[in-house]
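A.B. asks: Provided below are the primary sequence and the corresponding predicted coordinates.
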Amino acid sequence: LSLVVGGPAYISGQIASGDEIIAVEGVPVTPETLLEKVRVPDFIGSQVNLTIRRGGMQREVSLIRTSATHVEDISTTFDLLRNLSELVESMAPAEDFLTTLQTLILHTVDMERNRLETEEQLAERVMALQDRLQRKERLTAELMQEVERLKSINAANANANASQTARVPKLNFAAASDAAANSPRVMFPPIEEEQHR
C-alpha cells in the first residue's frame, strides 16, 4: 500500500507504507475494489473501519473519511513545504525561496476558503436535517395524539356496548323449556263449527 500524502491514513499515522488493507467494514476487499469501498462521496466525515495486515498480523484501524479535494490540498501543502525545505538546504537564491513561499501562502488561503465553504455546506445540511427531524417529531406527536383519541373513542364505544348488553335481559331458554314442561296443561274444548253459524 502506498500512502497518499495528506490523506487520512497518512495523517493518522495508523497505517504504514507496505500495510495491506484486507477488509473495509468487515467486507473483504481486493486492491481493485479497495478505493470503491473506502471512498463514499456522501459520507465525508464519517468513520471507516479497516482491517489491515502488517508483517503477518491483522489489526483493526478506524479512519475518518475526507474529501478528495481536502487530500489534494494537504498533499500540495506538504509538497510546497518540502520544496521550501529543499530550497533552504540547497542555499537557493532568495527569489526562488520567496516565490515558493508566496505560492504556499496563496495555497493556504485557498485551502482555508475551501474549508469555510465546506463548513457552510455542512452547516446547511445539518440545519436541513434538523428541520426534517423536527417535522418528523411534530408528525409523530400528532399521530400519537390521534392514536390516543381513537383509543378513547374505542374505549367509550366498548363501555357503551357493555352497558347496553347489561340492560338487555338475557333469555334463559333452558329454564323456559323446563318451566313449560312442568306447568299444567290447559285444555280448551274444541270449537264446533255449528256454534259459529
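C.D. replies: Now that the structure is in, tell me what you want to look at.
A.B. asks: and Leu101, how many neighbours?
C.D. replies: Neighbours of Leu101 under the rule other C-beta atoms under 10 Å: 15. C-beta coordinates here come from the backbone N, C-alpha and C atoms, glycine included.
A.B. asks: ok, the nearest residue to Ser67 once chain neighbours are set aside - contacts?
C.D. replies: Among residues not flanking Ser67 along the chain, Ile44 sits closest, at 5.1 Å (C-beta to C-beta, 6 or more residues apart in numbering). Shown in contact with Ile44 (C-beta atoms under 8 Å, 6 or more residues apart in numbering): 65-67.
A.B. asks: quick check on those: which are buried?
C.D. replies: Buried members of the contacts of Ile44, scored by 16 or more other C-beta atoms under 10 Å, are 65-66.
A.B. asks: for the chain, what spans make up the strands?
C.D. replies: 20-24, 27-28, 47-54, 57-64 (DSSP state E).
A.B. asks: closest to Val109 out of those strands?
C.D. replies: Checking the strands of the chain against Val109 by C-beta to C-beta gives strand 57-64 as the closest, at 24.4 Å.
A.B. asks: roughly how far does Lys136 sit from Glu142?
C.D. replies: Distance, Lys136 to Glu142, using C-beta to C-beta, to the nearest Å: 11 Å.
A.B. asks: perfect, I'm done here.
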